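S.K.: pasted the sequence and its predicted model underneath.
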Amino acid sequence: MATKVAITPEKLYECEVKRRRVRVGGGYEPFWKVKTVADAILDGDTEFRCKECHGPLKLHKRHTPGAVSHVEHKLKSDSEHCPVGARFHAAADGRATRLSGTPVA
């Protein structure tokens, strides 16, 4: 029978947010910028991805005093293979890191 390992809740305080910049030939082009989650919320950013595996993230805004806004991986598989994922650090099988199977473009 397999034993379960207690996983601490995943809390990432830095991520990539999608921004736009002016293209040389005119118009705009998207790019990803690393920001803290608190700054991204203040700036009104809406598209987030993990800065390591490029997987989708779920935003948790601060609702109570003393709590800190953070993000976590939406997909368990991303957390299991991302170098900043809680499940990756809890695993004892020597797994390798990899990019997300469903990266945010």
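M.R.: In hand now; what should we look at? Numbering: from 1, shown residues only.
S.K.: closest to the centroid, which residue in the chain?
M.R.: residue 50 (3.0 Å; CA atoms, centre = their mean).
S.K.: mind checking pLDDT for it?
M.R.: Model confidence at residue 50, given as pLDDT, is 96.
S.K.: how far off centre is stretch 10-21?
M.R.: 7 Å (CA atoms, centre = their mean, to the nearest Å).
S.K.: point out where the protein drops to low pLDDT.
M.R.: Applying pLDDT under 70 to the chain picks out residues 1-8.
S.K.: residue boundaries of the helices in it?
M.R.: Here the chain has its helices, by DSSP state H, at 37-43, 76-81, 86-90.
S.K.: redo those as a markdown table? Include mean neighbour count.
M.R.: For every residue, glycine as well, the C-beta is placed using N, CA and C. A markdown table is the format used below for those (neighbours: other CB atoms under 10 Å):
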| stretch | mean neighbour count |
| --- | --- |
| helix 37-43 | 16 |
| helix 76-81 | 19 |
| helix 86-90 | 17 |
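S.K.: ok, the residue nearest to the centre of the chain - contacts?
M.R.: Counting by CB atoms under 8 Å, 6 or more residues apart in numbering, residue 50 touches 12, 15, 16, 56, 57, 73, 78, 82, 84, 100.
S.K.: skip the chain neighbours and tell me the closest residue to residue 95.
M.R.: Leaving aside its chain neighbours, residue 95 sits nearest to residue 81 (6.5 Å; criterion: CB to CB, 6 or more residues apart in numbering).
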